[in-house]
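Colleague: Curious how this folds, go ahead:
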Amino acid sequence: MDIDRFITLQTVVEEGSFARAANKLCCTQSTVTYHIKELEQELSVQLFEKIGRRMLLTDAGRTVIPLYRGPKQAVEHTRRPLRPDD
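Modeller: Got it, this is the predicted structure:
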């Protein structure tokens, strides 16, 4: 499982649309769509439903989001610069 797909998922949830998520992630909307489709295929669930112009999480999507928090925190922790003890 690619952490970038989960980052994309979280960004779409935060931004409410694929276009705004793409803008925030500095990528194309087609890349966001690809990441979400790949994640949906890997998990065998539909993560979003389109309501007007907004993308809303399905029940399955709401189940997946909390599972992502642990790996996200691990990645963020490893990215922090190591600081010497004071």
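
Colleague: rest of the way, CA atoms for contacts and neighbours
Modeller: Noted.

Colleague: which residues of the protein score low on pLDDT?
Modeller: Scanning the chain for pLDDT under 70 picks out 1, 70-86.

Colleague: any idea where the strands of it begin and end?
Modeller: 48-51, 54-57 (DSSP state E).

Colleague: Can I get the ones you listed in TSV including distance to residue 8 and mean neighbour count?
Modeller: Listed next are the strands of the chain as TSV, based on distance: least, CA to CA, whole Å; neighbours: other CA atoms under 10 Å:
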stretch	distance to residue 8	mean neighbour count
strand 48-51	13	13
strand 54-57	13	18
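
Colleague: how about these, which one is nearest residue 23?
Modeller: Closest of the strands of the chain to residue 23 is strand 54-57, at 15.3 Å (criterion: CA to CA).

Colleague: List the neighbouring strands of the closest one plus their orientation.
Modeller: strand 48-51 (antiparallel) (DSSP bridges).

Colleague: Pull the residues that contact the strand it pairs with.
Modeller: Identification of contacts with strand 48-51 by CA atoms under 8 Å, 6 or more residues apart in numbering yields 55-58, 61.

Colleague: quick one on the thing from earlier: tabulate the strands of the chain (CSV), appending distance to residue 67.
Modeller: Putting these into CSV (distance: least, CA to CA, whole Å) gives the following:
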stretch, distance to residue 67
strand 48-51, 16
strand 54-57, 14
